[in-house]
Every structure is written in C-alpha cells, then in structure tokens.
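# Curious how this folds, go ahead:
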Amino acid sequence: MASQAPLRPIVVIPTRLGFHPAARQGALREINGRRRHRSAYAVGPRACWRNAGRSDKSCVMDQRWRVVSSKDLLHDRWINVRADHCVTSSGTVISPYYVLTYPDWVHVVAVTRDDCLVLVRQYRHAAGAFFLELPGGMVDASDRNAELSGRRELAEETGYVAARWQPVSVLHPNPAIQTNRVHVFLALDAECSGLQSLDAGEDGLTVQLVPISEVLDGLSSGLLGQSMHVSAVLLALAVAGRLQLRV
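Numbering: from 1, shown residues only. This is a model prediction of the structure:
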C-alpha cells in the first residue's frame, strides 16, 4: 500500500475587517473519517466546528467568558489595572484574571524619497537596553483620529513630516491581557522639517535613517527588537508595493 502524504497545516491570517477569504471558505479537515470545515468564526483556544453546508455561529457568543465581577486595582495616567472574576463557557472559574487598559498606540512607517525608513533609537527600561524602533506613541483622548496622533509623534520624535499618509492596519498588541489597539500608518515622502520635541522619558532618543533593504535583511536577526514594529514594517511595505506577502 502506498504511504499517504502527511497533511499540510493551513495558516489563516485574520484581518481587521474579518478573516482571510481562505478562512471564510473553511479549511477542510478529516476528523474520524468525516469531512468537516473549520469555521472562520473561531474564538479562543478552541474553534467552533460545523458540518459542511451547515452554519452554526451561535457558538461564537457561547464561548465568551462571563465576567461575574471586576475590581479596579490601579488607575494611572499610563495604565489601568483590574482583576476580573471570570467563568468560562464550560463553567471553569478563573479568578483573578488581570486586565491592563492602555490608551491606543500608533506606529508610523515613514519612508523617505531615497528609500530609507525613519527610525528612532531609544532606551527601554523594562528590557534594560536600547532598541531601534518605529516612531510612535499614544493616541491622546483629544486627538480627532489616529492619523493626527501619528503625524504628531513623527514630528516630535524625529522632526520629520510626510506628504502622503495611508492607514495600514489596526492590530491588538496583546489581546490576552490588554484592551488597547495599535494603529499602523504608512507615511511616504518623509523629510526633515525641524527639530525634535522630546518628552522627558525620551531623553537620549536619536534618529536613524536606514535603507529599506537593510531593514528587511536585519529583521530575522533582531534589528528591530519590538515584535509589533516588525509586523508594522512588513504590512506597511506591502501596502507601499515594496514587499509581497504570501499566504
């Protein structure tokens, strides 16, 4: 009997506006000899399963945890911390479950006319090291939209402005414990227009212009040590037509 080739895993990438089209069609699986589709409406560690031709979206809500009570532990300018008393869909009690509430963040992938990325090098105290990063910061409550936040952060941290702005994606940096999102913008034709205007915690921040090719070559070796910034660069350069992402 000829040996059967091993099944290849199918990777599905969810997007801001929904799941990838391949996920909506369902990834065919063989379970106990029966053909099934893996639902595009997977929630949590377990996915909802449905028979081919039969949709069951009700399991999406059923799998969400129920919050019995919450206790605020810390309110601060930068972060709020609460402890939730949760019950899972199977009845398991998880308490305390700590949730961190941050303001939304914005990251800017700024590209100069000579194909360099405008990056910043700054100290990150929790890691105890300097990191090469994208310009960015918090979305202030007074900002009309995240693009205005990105324009401000780019100008303040680097002294650069850009003629063309394009939204790239809105991602969750850590949905397990954080409530906030990170907004990614592509800024084209960036050029220096003035001096930096740094916050107190940004003392020592420096600007570096790095060719796009050098950044891409260095990603796997940790040139950008912040994982969210790596994903932002890849997504933004794909939008700019400088990189082709394959699924």
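# Any stretches of this protein with poor pLDDT?
For the chain, the stretches flagged by pLDDT under 70 are 1-61, 247.
# Now the residue nearest the centre of it: closest residue in space, sequence neighbours ignored.
Nearest to the geometric centre of the chain sits residue 171, at 3.5 Å (CA atoms, centre = their mean). Using CB to CB, 6 or more residues apart in numbering and skipping residues adjacent in sequence, the residue nearest residue 171 is residue 182, 5.3 Å away. For every residue, glycine as well, the C-beta is placed using N, CA and C.
# Tell me what the one you found is bridged to.
Beta-bridge partners for residue 182, by DSSP bridges, are residue 105, residue 171.
# what sits against it?
Going by CB atoms under 8 Å, 6 or more residues apart in numbering, residue 182 touches 104-107, 170-173, 228, 232.
# The helix or strand in which residue 110 is found packs against which elements?
Element membership for residue 110 (DSSP states H and E) is strand 105-112. Helices and strands touching strand 105-112, by 3 or more CB pairs under 8 Å, 6 or more residues apart in numbering; DSSP states H and E, are strand 116-124, strand 136-138, helix 146-158, strand 182-192, helix 227-239.
# Packing partners of the shortest one?
In terms of contact count using 3+ CB pairs under 8 Å, 6+ apart, strand 136-138 is assigned the packing partners strand 105-112, helix 146-158.
# so of these, which one's packed in deepest?
The highest average neighbour count among the helices and strands packed on strand 136-138, using mean count of other CB atoms under 10 Å, belongs to strand 105-112 at a mean of 26.
# can you tell me which residues contact the closest residue to residue 194 other than its chain neighbours?
Spatially, and ignoring its direct neighbours in sequence, residue 194 is nearest to residue 159 (4.9 Å; CB to CB, 6+ apart). Contacts for residue 159 (CB under 8 Å, 6+ apart) come out as 192-196, 207.
# State the phi and psi torsions of residue 159.
The phi and psi torsions at residue 159 (degrees, to the nearest 10) take the values phi 80, psi 10.
# Distance of it relative to residue 136?
From residue 159 across to residue 136, the span is 15 Å (CB to CB, to the nearest Å).
# again, but for residue 64
31 Å.
# Compare these two and say which one has the larger neighbour count.
Ranked by neighbour count (other CB atoms under 10 Å), residue 64 and residue 136 place residue 136 first, with 25 against 12.
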